[in-house]
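Engineer: Pasting the sequence and the predicted model now:
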Amino acid sequence: VTADIEDDPDVKVMMAGSILKKVKSRSWKKQRHFRLLEDAMTIWYKSRWPGKGHSTFSISDVEAVREGHQSEVLQSTAEEFPAELCFTLVFHGRQGNLDLVAKTPEEAKAWIEGVRKLIHKAQTMDEKERQDQWVRDWFLKADKNKDGKMNFKEVQTLLKMMNVEMNEDHALHLFTRADKSESGSLEIEQFVHFYKMLTQRDEVRKVFKDYSGDGENLLLEELETFLSVEQHEGGQSYQLAKMLIDRYEPSESGKHDGFQSYLCSQEGSIFKPKHLDLHQDMSQPLSHYFISSSHNTYLLEDQILGQSSLEAYIKALKRGCRCVEVDCWDGSDGEPIVYHGHTWTSRILFRDVISTLKEYAFKASDFPVILSIENHCGVEQQTVMAQHLSKILGDTLLTTLLDGQVPQQLPSPQVTICLGFVHIYTSEGEMHKHTVTRSGCIAMIYSSTREIQLALQLPNVKLLWESK
């Protein structure tokens, strides 16, 4: 653990540990003991009751921390838990959120700020630290009984999960070398060392020895020679050699691990970086492009029993998705809801979906977002939908024609940067009417005479042409 992180007051609170409430629903709230382990990268937690098992997860798996009632679960318990006690850990990929409640606002703040600092630390690791942490994370995921060690059979299973091909006899020989305690199992740092030995490449070792004076280290001038002769770096080889040693092996010389990491990195790529920048013509009509789209965007799981969540929209938009789907149905209290109709999926409010889209639509990309609404609402709640679109999106709602002209084709992504479109359709899926306007840029495209009623609730929306 680096001294600056270890001495941080928020991290100290995390290392000391806290009793936090883990919340899954209004009826499921359990106290858990959470603490940050000594590596400052692993969070450990378990039930307060003796004999219960424990779980761990890596800071590398955490995408963000959200304060207050920013998840459906914490919103549903807002009357019981004040916002200043609540926070949510959001994980990468499909892993669900972790909603937590602290005992005091100070304790909640320490965990929120501490996790954010650790996420920043993980994001700014050098290449060697990043690779070592990647191996540690795999170890933690595969350590099923959470005892912090693995025998050879368990290691074989883990290596298959990591897509590492191996000769069993050779792997066993290296396993024995790494097992300094001769216990028949490897702890996490021993496994990192074992993995490095196993994945060393003979051809890289040969090149390393060809340029290394002692076969174990690559001095600055030796790396400079390699870069000049083999990589054709020319006059920049000295500065590049110094930078690479600082990045991949922060010592006076480079070692084999750092050398191999460099060759497998972006800096060691055979491709010229300038060739990665491609010109994309974004001046064509929207219909000329493949659009990154999401089906049943609101679902985190299956479409029969799965959870509907605002987090699903956030994840899709942050991955650059430009077309999201909203299935709208009449809610029992007059508020339109979003879920997979005629199933047991959970429900979320239409107004919350629109608020989420407003906040996250252009975080990852400036290109326009198409909001595809499958509308099953009656006229009364269509009016409510129109009111939410108008109020929440505000001046981002289209109210005038693009360039004052009746369009003959869809606008281009370039013209509509940071703007949005709404496509409304019924289960029949027929398109009859369109509008395309500017000045805040939500375009209404709807599918039947019934849908015109929704569009006409919006200010200054005009019918422009009829599809054939």
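Structural biologist: Thanks, I have the structure now. Numbers count the residues shown, from 1 in each chain.

Engineer: List the contacts of the nearest residue to His340 once chain neighbours are set aside.
Structural biologist: With Cβ to Cβ, 6 or more residues apart in numbering as the criterion, His340 has its nearest non-adjacent residue at 4.8 Å, and that residue is Gln303. C-beta: built from backbone N, CA, C; applies to glycine. The contact partners of Gln303, by Cβ atoms under 8 Å, 6 or more residues apart in numbering, come to 296, 340, 343, 345.

Engineer: ok, so what distance separates the first one from Arg94?
Structural biologist: Translated: Asn296. In this view, Asn296 and Arg94 are 14 Å apart by Cβ to Cβ, to the nearest Å.

Engineer: Settle it for me: which of those two has more neighbours?
Structural biologist: More crowded of Asn296 and Arg94, by other Cβ atoms under 10 Å: Asn296, with 18 against 9.

Engineer: elements contacting the lengthiest helix in the chain?
Structural biologist: Longest helix in the chain by number of residues (criterion: DSSP state H): helix 105-123. With contacts taken as 3 or more Cβ pairs under 8 Å, 6 or more residues apart in numbering; DSSP states H and E, helix 105-123 sits against helix 3-6, helix 9-16, strand 18-23, strand 29-36, strand 62-67, strand 86-91.

Engineer: Can you report how many residues neighbour Gln280?
Structural biologist: 8.

Engineer: hang on, Leu300 packs against Tyr313?
Structural biologist: No. In this structure, Leu300 is not within contact of Tyr313 by Cβ atoms under 8 Å, at 10.3 Å.

Engineer: Can you pick out the residue with more neighbours from these two?
Structural biologist: Taking other Cβ under 10 Å, Leu300 and Tyr313 do not tie; Tyr313 has more neighbours (27 against 17).

Engineer: Not counting its neighbours along the chain, what's nearest Arg177?
Structural biologist: With Cβ to Cβ, 6+ apart, the residue lying closest to Arg177 is Met197, at 7.0 Å.

Engineer: and if you look at Ile188?
Structural biologist: Phe139 (5.1 Å).

Engineer: List the contacts of the one you found.
Structural biologist: Residues in contact with Phe139 (Cβ under 8 Å, 6+ apart) are 150, 158, 188, 191-192.

Engineer: So which of these sit within helices?
Structural biologist: In this view, these that belong to helices under DSSP H are 158, 188, 191-192.

Engineer: Go through the helix or strand encompassing Thr176 and flag the buried ones.
Structural biologist: Applying DSSP states H and E as the criterion places Thr176 in helix 168-178. Judged by neighbour count (16 or more other Cβ atoms under 10 Å), helix 168-178 contains these buried residues: 171, 174-175, 178.

Engineer: Stretch 60-74 now?
Structural biologist: So stretch 60-74, judged by 16+ other Cβ under 10 Å, has buried residues 60-66, 68-74.

Engineer: Pull the most distant pair out of those.
Structural biologist: Ser60 and His69 (26.6 Å; Cβ to Cβ).

Engineer: Quick one: the strands in the stretch 151-300 of the chain, in order.
Structural biologist: Applying DSSP state E, counting those that start in this stretch to the stretch 151-300 of the chain gives strands spanning 185-187.

Engineer: Would you map the strands across the stretch 301-450 of the chain?
Structural biologist: Assigned by DSSP E, counting those that start in this stretch, the strands in the stretch 301-450 of the chain fall at 323-329, 337-338, 348-349, 369-375, 400-401, 420-425, 433-434, 437-438, 442-446.

Engineer: which strands and helices sit next to the second one?
Structural biologist: Same thing as strand 337-338. Applying 3+ Cβ pairs under 8 Å, 6+ apart, one finds that strand 337-338 contacts strand 323-329, strand 348-349, helix 350-360.

Engineer: Return the distance of the first one from the chain's centre.
Structural biologist: I take that to be strand 323-329. Remark: strand 323-329 is offset 22 Å from the chain centroid, using Cα atoms, centre = their mean, to the nearest Å.

Engineer: what's the answer for stretch 282-301, then?
Structural biologist: What separates the centre of stretch 282-301 from the centre of its chain is 19 Å, taken as Cα atoms, centre = their mean.

Engineer: now swap in stretch 193-209 and tell me
Structural biologist: The answer for stretch 193-209 is 32 Å, by Cα atoms, centre = their mean.

Engineer: Now do the contacts for the spatially most central residue of the chain.
Structural biologist: Nearest to the mean C-alpha position of the chain, by Cα atoms, centre = their mean, lies His92 at 4.0 Å. Counting by Cβ under 8 Å, 6+ apart, His92 touches 61-63.

Engineer: Please report the distance of Pro411 from Thr176.
Structural biologist: Relative to Thr176, and taking Cβ to Cβ, Pro411 is found at 66 Å.

Engineer: And for Ile270?
Structural biologist: Ile270 sits 37 Å away from Thr176, going by Cβ to Cβ.

Engineer: for the helices and strands packed on helix 105-123, which one sits closest to Leu278?
Structural biologist: Of all the helices and strands packed on helix 105-123, strand 62-67 sits nearest to Leu278, with 27.8 Å by Cβ to Cβ.
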